[in-house]
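> Predicted model and sequence follow; I will ask about them next.
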Amino acid sequence: MATPVTLIPGDGIGPAVTEAAVAAIEATGVDIQWIEALAGMTAFEEKGDPLPASTLESVAHTRVALKGPCTTGVRGGFRSVNVHLRKEFSLYANVRPSRGLPGVDCLYPGLDLVVIRENTEGLYSNMEHWVDDQKSAAIAIGINTRSAMERIVRYAFEYASSRGRRKVTVVHKANILKLLTGLILEIAETMSSEYPDLEFDDRIVDNMAMQLVMNPSQFDVIVTTNLFGDILSDLCAGLIGGLGLAPGANIGGDMGIFEAVHGTAPDIAGKDLANPTSVILAGVMMLEHMGHLDEAKRLEAAVLSVLEEGKYVTRDINPTNGVGTKAMTQAIVDRVKS
């Protein structure tokens with residue numbers, strides 16, 4: 001019997017890369033019933049709502065979703081679809097692996113680290129306002145609760161322990177934001193004693209950014225608050241070649257939304273140019289979450305093989321002889337089947 005999965009194509013290049021991911025996942029033989037749902041600008045234009053009730057109902061029913069990038073305005077406009085989904089379903093753990101992939105020119109070949117970001121609190125609480133009618137000053141309120149910090153730190157230690165990782169680093173700004181970010185440091189220091197097989201340390205966020213650029217291999221699993229995790233996970237993606245190669249997962253309880261972490265890239269939408277690697281690797285994470293471990297390994301191996309060969313990859317990877325999205329996808333599908 002097919003397992004229902006919500007498919008959210010998103011905006012811009014989203015439909016193209018999610019179509020690629022669907023083809024690659026189906027090549028593994030996993031029986032999935034894809035239930036397409038709208039979100040982002042596409043949904044806003046068609047339904048008048050960037051995250052329609054029907055989409056929320058679908059995710060609530062299937063408990064697992066694969067999502068392409070969705071538009072979020074920088075100045076005004078509607079609220080982030082990503083933030084709304086994470087809060088609606090308490091998807092408290094954002095998991096962002098950054099791994100140097102074979103065949104990809106990057107700053108740190110062979111790098112393998114993971115950023116685990118608290119996904120529901122901090123400065124993403126959506127509590128901000130102007131202090132007066134003249135808009136002379138703005139205030140934003142960050143909230144970190146002890147329960148949420150304990151939950152994300154526990155997730156990071158369990159993640160590291162269950163996957164044979166060696167070290168957990170908590171990132172904070174407790175020298176200045178002594179309460180707001182000191183809380184996660186306090187909790188991590190206490191909890192680390194429960195995991196004697198794991199090395200533990202901490203970094204102030206600004207120093208962490210420098211250390212990641214200079215010597216990222218000293219880190220393994222990084223756990224931090226919402227805003228810091230958002231920034232550092234993109235930084236880590238830059239170390240391994242860019243957001244087009246970095247998958248992401250949003251986890252809470254038995255639910256997971258797996259996504260491409262790059263933007264909508266409207267300038268190349270519809271041109272068969274987008275790199276599908278990010279969302280296909282998100283599909284690998286989704287298959288693991290669903291318990292299809294062998295199929296996940298086969299799909300990941302196919303992606304790595306195509307990247308290493310370098311013959312059927314998009315132009316961002318091979319500027320001289322790159323191919324389109326569809327050709328790269330077909331190469332991955334063929335490799336899965338063979």
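Happy to help now that I have it.
> what helix or strand does residue 251 sit in?
strand 247-252 (DSSP states H and E).
> distance of the residue lying closest to residue 157 once chain neighbours are set aside from residue 162?
Excluding its sequence neighbours, the residue lying closest to residue 157 (CB to CB, 6 or more residues apart in numbering) is residue 195, at 5.0 Å. Where you see a C-beta, it was placed from the backbone N, CA and C, and this is true even at glycine. Residue 195 sits 11 Å away from residue 162, taking CB to CB, to the nearest Å as the criterion.
> Contacts only, for the spatially closest residue to residue 14 that is not a sequence neighbour.
Nearest non-adjacent residue to residue 14, counting by CB to CB, 6+ apart: residue 68, 2.8 Å away. By CB atoms under 8 Å, 6 or more residues apart in numbering, the contact list for residue 68 reads 8-11, 13-15, 17-18, 259-260, 279.
> follow-up on the earlier one: contact partners of the strand holding residue 251?
82, 85-86, 89-97, 119, 155, 233, 256-261, 278-279, 281-282, 284-286, 289.
> After it, which helix or strand is next?
Counting by DSSP H and E, what follows strand 247-252 is strand 255-260.
> of residue 195 and residue 162, who's got more company?
Counted by other CB atoms under 10 Å, residue 195 and residue 162 do not tie: residue 195 has more neighbours, with 16 against 8.
> Next, give phi and psi for the residue nearest to residue 14.
For residue 68, the backbone dihedrals (degrees, to the nearest 10) come out as phi -90, psi 180.
> ok now do residue 49, which residues does it touch?
Per CB under 8 Å, 6+ apart, neighbours of residue 49: residue 43.
> Any figure for the gap between it and residue 288?
32 Å.
> again, but for residue 113
Residue 113 is 18 Å from residue 288, by CB to CB.
> Compare the two (neighbour count), which wins?
The neighbour count for residue 113 versus residue 288, taken as other CB under 10 Å, is higher for residue 113 (24 against 18).
> and the more buried one, that one's in a strand?
Yes: checked against DSSP: H, G, I helix; E, B strand; the rest coil, residue 113 lies within a strand.
> now the helices for the stretch 151-300 of the chain?
Taking DSSP state H, counting those that start in this stretch as the criterion, the stretch 151-300 of the chain carries its helices at 182-191, 205-214, 226-239, 277-290, 293-309.
> Report the rounded mean pLDDT for the longest one.
Model confidence over helix 293-309, given as mean pLDDT, is 98.
> Which residues does it contact?
By CB under 8 Å, 6+ apart, helix 293-309 touches 24-25, 27-30, 101-104, 277, 280-281, 283-285, 287-288, 312-313, 317, 328, 331-333, 335-336.
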